[in-house]
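K.L.:
The sequence and its predicted three-dimensional model are supplied below.
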Amino acid sequence: MRSRRAVATAGIAVAAALTLAACNGTTDAAGDDAAEGGITIEHALGTTTIPENPERIATVNWANHEVPLALGVVPVGMAAANFGDDDGDGLLPWVEEKLEELGAETPVLFDETDGIDFEAVADTNPDVILAAYSGLTQEDYDTLSEIAPVVAYPEAPWATSWRDVIEFNSAGMGMAEEGEQLVADIEQEIEDSLAEYPQLEGKNTMFLTHVDPADLSEVSFYTMFDTRAAFFEDLGLSTPQSVTDASEEGAYSGTISAEQVDTFADVDIIVTYGDEELVATLEGDPLLSQMPAVANGAIVSLPGSSPLGTAANPTPLAISWVLDDYLALLAEAADKAE
């Protein structure tokens, strides 16, 4: 199964990137304290040492708060949802449901419309700040580090897989073993759900992005380095060779001229943000309609500002919330693909 190979690769990457060592003590391979001391985590922006058993957990940027919540810990502060929040309360539905399940009040919500609110973060007096999935700059990281130890992304901004988000953030909480179990539970849930959709196996799938119905002279797409496109592998789908070839190292999106659309002749399914009107526009375009996925109607259109569209970017709580609906939409498109 493709997702098993992805799991193995992710595990190796995490093992190489996470250095969990004790300060004044030792740390076992899972990242739990074996003696008095702390945990040291190496990441793209530096090395962070966290005191043992941090209690006050703050998170910044997208979805990091979902790791402590999934592990039963309510953050003292977290970023307010600024995309896909259908009722305007700053909480995505899966986060709201988890807080209700835990019987918890809504934590302090940081307004990140204009960037990180450092003063608001400091006011929550955190022991650690989780940001394994984030766009932190070095300056952001240095400023936050004056407030509390910060867990940043392992390799690049906005590129952390959902597994690594869990691995790094749970390690920063001193709950590495619990994080590993959470990953295993989600993987099992995905595997169980996939059993109902055998038609997905191996279907070449791409994620179109930034589609402008008024100007279809270019085709933009998420590359294999984007977490949305990478999630296809977890769902039994394949990355088209054309997308792999067109993906520049480190770039999360790419663009080609519509006149070169035959490049994507190996694409079985297209996922994109939009509605039925957008689908009709693609089908009516003389160039884009030549793509097999468009010609066959094998298109999954996600309302980009809705929770469903938001959850296409996999996060620890969103995966379970969206999985059945997302797989059903993908399966419907797979049935149309030749």
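P.N.:
Okay, I see it.

K.L.:
how near is V300 to L235?
P.N.:
In this structure, V300 and L235 are separated by 11 Å, where distance is defined by C-beta to C-beta, to the nearest Å. Just so you know, the C-beta spots here come from the backbone N, C-alpha and C atoms, and that holds for glycine as well.

K.L.:
what residues are shared contacts of those two?
P.N.:
With C-beta atoms under 8 Å, 6 or more residues apart in numbering applied, the overlap between the contact sets of V300 and L235 consists of L330.

K.L.:
Helices of the chain, start to end?
P.N.:
Secondary structure of the chain by DSSP state H: the helices cover 2-17, 66-70, 93-101, 118-123, 138-145, 162-172, 176-194, 227-234, 241-246, 276-284, 292-295, 307-310, 318-336.

K.L.:
most tightly surrounded among these?
P.N.:
Between the helices of the chain, the one whose residues have the most neighbours on average, counting mean count of other C-beta atoms under 10 Å, is helix 162-172 (a mean of 28).

K.L.:
helices or strands next to that helix in the packing?
P.N.:
If you count contacts as 3 or more C-beta pairs under 8 Å, 6 or more residues apart in numbering; DSSP states H and E, helix 162-172 packs onto helix 2-17, strand 38-43, helix 66-70, strand 128-130, strand 150-151, helix 176-194.

K.L.:
So which residue is dead centre in the protein?
P.N.:
Among the residues of the chain, P314 comes closest to the average C-alpha position under C-alpha atoms, centre = their mean, at 4.0 Å.

K.L.:
Now do the contacts for it.
P.N.:
When contacts are counted by C-beta under 8 Å, 6+ apart, P314 is found next to W162, T227, R228, F231, D234.

K.L.:
ditto for S242
P.N.:
Under the criterion of C-beta under 8 Å, 6+ apart, the contact list for S242 reads M206, T263, F264, A265, D266, V267.

K.L.:
S238 is in contact with the first one, correct?
P.N.:
The reference is to M206. No: distance between M206 and S238: 10.2 Å, which falls outside the contact criterion (C-beta atoms under 8 Å).

K.L.:
who's more crowded, those two?
P.N.:
Just comparing M206 and S238: by other C-beta atoms under 10 Å the higher neighbour count belongs to M206, 28 against 19.

K.L.:
What pLDDT does the model give the residue nearest to G46 when sequence neighbours are not counted?
P.N.:
The shortest distance from G46 to any residue other than its chain neighbours is 6.8 Å, reached at Y141 (C-beta to C-beta, 6 or more residues apart in numbering). We have a pLDDT of 98 for Y141.

K.L.:
With M175 instead?
P.N.:
Per-residue pLDDT puts M175 at 96.

K.L.:
List just the nearest of the contacts of P314 to L278.
P.N.:
Nearest to L278 among those: R228, at 17.1 Å, using C-beta to C-beta.

K.L.:
Check the residue nearest to Y197 when sequence neighbours are not counted and give its pLDDT.
P.N.:
With C-beta to C-beta, 6+ apart as the measure, A331 is the residue that lies nearest to Y197, at 4.4 Å, once sequence neighbours are left out. Per-residue pLDDT puts A331 at 97.

K.L.:
Flag the shaky bits of the stretch 151-300 of the chain, pLDDT-wise.
P.N.:
Residues of the stretch 151-300 of the chain meeting the criterion pLDDT under 70: none.

K.L.:
still on that earlier bit, does the residue nearest to Y197 touch E201 like I think?
P.N.:
No: using C-beta under 8 Å, A331 is not in contact with E201; the gap is 10.8 Å.

K.L.:
Quick check: buried residues in stretch 123-132?
P.N.:
Within stretch 123-132, the residues scored as buried using 16 or more other C-beta atoms under 10 Å are T124, P126, D127, V128, I129, L130, A131, A132.

K.L.:
I'd like to know which of these is nearest to P68.
P.N.:
The closest of these to P68 turns out to be L130 (C-beta to C-beta; 7.2 Å).

K.L.:
how near is that closest one to R228?
P.N.:
Separation of L130 from R228 (C-beta to C-beta): 21 Å.

K.L.:
which residues does V60 contact?
P.N.:
M78, A79, F110, E112, I116, V121, I129, L130, A131, S134, L136, L144.

K.L.:
cool, and G274?
P.N.:
Residues near G274 by C-beta under 8 Å, 6+ apart: V211, S301, L302, P303, G304.

K.L.:
quick one, domains of the protein?
P.N.:
2-192, 199-336 (automatic domain parsing).

K.L.:
And the longest one, how far out from the chain middle?
P.N.:
A distance of 12 Å separates the centroid of the chain from that of domain 2-192, by C-alpha atoms, centre = their mean, to the nearest Å.

K.L.:
ok so, going back, what about the residue nearest to Y197, distance to A63?
P.N.:
Applying C-beta to C-beta, the value for A331 to A63 is 26 Å.

K.L.:
pretty sure G202 contacts L235?
P.N.:
No: using C-beta under 8 Å as the test, G202 is too far from L235 to be in contact (11.2 Å).

K.L.:
quick revisit: closest to M175 out of the contacts of V60?
P.N.:
The nearest member of the contacts of V60 to M175, counting by C-beta to C-beta, is L130 at 11.2 Å.
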